[in-house]
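What follows is a predicted structure for the sequence shown.
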Amino acid sequence: MRWKTFSYSMKGLRIGKNPSIRKSVEISKQATIGDNVNIGENVKIKGKVSIGNNVFVNDGCYLFAPAQVTIEDGVTFGPFAFVVSGDHNLYNTRQDGAKAPVKIGKNSYIGAHAIILKGVTIGENSTIGAGSVVTHNIAPFTVAAGNPAKEIRKLKGIKK
Ligand SMILES: CC(C)(COP(=O)(O)OP(=O)(O)OC[C@H]1O[C@@H](n2cnc3c(N)ncnc32)[C@H](O)[C@@H]1OP(=O)(O)O)[C@@H](O)C(=O)NCCC(=O)NCCS
């Protein structure tokens, strides 16, 4: 395990076996992290984030969970992907607004700089294009891209 700047002590953080965590990472104690998870530099994981096994969170990703965010096993994030399960209050931005859980299904691949918004479920083995903004659910085995993200095509079989 590589530790450089890690903003919380291990005490109270539920983290699995064999983690690789790079420098300047912040992880909230509300988060849970599975086995063989690789977390890149400058990643922030805040709030109720559940990360499964064999997940790769690339440099600069921001996972922010006012409502539950579930990242299933085998998910890969490209650099600077952003998952946020809530908004500010649209009439008073100093207050919390709407929130809804987000789920990213197993073995999915989230492209660099993609943004996944509140209430979205991404089905297993799907791919989200770089820079996409995902506002609606994405079915399993689907490549989706754009703003708002739309299906480009289907994937066949299980990713390895
Ligand atoms: C989504 C992705 C996997 C699709 O790849 P692909 O299946 O080879 O798709 P194509 O390049 O053939 O593009 C198909 C169509 O989708 C569009 N498209 C592809 N990626 C897009 C994206 N990220 N955003 C918007 N549209 C996109 C293309 O413009 C094309 O549109 P057209 O048919 O109107 O010309 C790929 O474009 C991508 O975004 N990969 C992520 C890369 C990344 O973030 N890597 C991280 C490295 S650590």
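Received, thanks.

hmm, what's the outermost residue in the protein?
Y91 (27.3 Å; C-alpha atoms, centre = their mean).

Could I get the contacting residues of it?
Neighbouring residues of Y91 by C-beta atoms under 8 Å, 6 or more residues apart in numbering: there are none. All C-beta atoms are positioned from the backbone trio N, CA, C, and that covers glycine.

I115 too?
81-84, 132-134.

Could you give the bridge partners of it?
F82, V133 (DSSP bridges).

Likewise for L63?
Beta-bridge pairing for L63 (DSSP bridges): I45, V83.

got the end-to-end distance for stretch 136-144?
Stretch 136-144 has an end-to-end distance of 11 Å (C-alpha to C-alpha, to the nearest Å).

now do stretch 85-104
12 Å.

circling back to that earlier point, what about the residue farthest from the centre of the chain, distance to the ligand?
Look at Y91 and the ligand: by C-beta to the nearest ligand atom, to the nearest Å, they are 32 Å apart.

Report pLDDT for the residue nearest to P140 when sequence neighbours are not counted.
Setting aside the residues directly before and after it, P140 is nearest to G123 in space (C-beta to C-beta, 6 or more residues apart in numbering), at 3.1 Å. At G123, the model reports a pLDDT of 98.
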